[in-house]
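Trainee: Build me a structure from this.
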Amino acid sequence: MHRILFLANRTCECPTVINEVEQRARSLDAEVLLVAPAVNTRVRHFVSDTDGAVRDATARVDVVTKELAGRGIVVSGQVGDADPVAAAADALRSFPADEVIVATHPPEHSHWLEKNLIERLAGRFELPVTHLISYSGVGEAAAAA
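Mentor: Modelled structure (predicted):
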């Protein structure tokens, strides 16, 4: 079975992104692992207060995995490290994916893209990386992904 690692923060709940992941999984008869990094504010990270970030990421994972499962997709989810590359590395140890789908906000609103996440993932893991852009929630407080 084909395996897709789906890496996303707030963008994972975007209906357009969910539809794209569903279509890709369905076309390949694939299993999907959603990893939502527990992204935190700098202040909370500095004082080691990760409870809110983990709670928020867990809620997103629950919503999206239920949505995809309800559409007939074999899916599981987990909360990952705040660093999306570390989160992907952790996930790939137990879920040897054939490809990675990353959902971010547009470049002008994405910290992940500022840090060259797509190129870093492709270079480190030597897997095909598909980048999806979500405009959902753009304009809310500083987008973490």
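
Trainee: Can you report how many residues neighbour the closest residue to V79 other than its chain neighbours?
Mentor: Of all residues beyond its chain neighbours, the one nearest V79 is A57 (4.4 Å), with distances taken as Cβ to Cβ, 6 or more residues apart in numbering. C-beta coordinates here come from the backbone N, C-alpha and C atoms, glycine included. Other residues within reach of A57 by the criterion other Cβ atoms under 10 Å amount to 26.

Trainee: now swap in the one 10 residues further on and tell me
Mentor: By other Cβ under 10 Å, 17 other residues sit near E67.

Trainee: that older thread, let me know the pLDDT of the residue nearest to V79.
Mentor: As summarised for this prediction, A57 has a pLDDT of 91.

Trainee: For the helix or strand containing it, name the packing helices and strands.
Mentor: Per DSSP states H and E, A57 falls inside helix 51-70. When contacts are defined as 3 or more Cβ pairs under 8 Å, 6 or more residues apart in numbering; DSSP states H and E, helix 51-70 packs onto helix 15-28, strand 31-37, strand 74-80.

Trainee: ok now that helix, how far from the chain's centre?
Mentor: 11 Å (Cα atoms, centre = their mean, to the nearest Å).

Trainee: the inter-axis angle of that helix versus strand 31-37?
Mentor: For helix 51-70 against strand 31-37, the angle by axes from the mean of the first three to the mean of the last three Cα atoms, to 10 degrees is 160 degrees.

Trainee: Pull out the buried positions in helix 51-70.
Mentor: Of the residues in helix 51-70, 53, 56-57, 60-61, 64-65, 67-68 count as buried by neighbour count, 16 or more other Cβ atoms under 10 Å.

Trainee: Looking at these, which is nearest V79?
Mentor: Nearest to V79 among the buried residues of helix 51-70, counting by Cβ to Cβ, is A57 at 4.4 Å.

Trainee: List the residues that contact the closest one.
Mentor: By Cβ atoms under 8 Å, 6 or more residues apart in numbering, the contact set of A57 is 9, 36-39, 79-80.

Trainee: Distance-wise, check it relative to L28.
Mentor: From A57 over to L28 the distance is 26 Å, taken as Cβ to Cβ, to the nearest Å.

Trainee: Output the below-cut-off pLDDT ranges for the chain.
Mentor: Applying pLDDT under 70 to the chain flags the ranges 40-52, 138-145.
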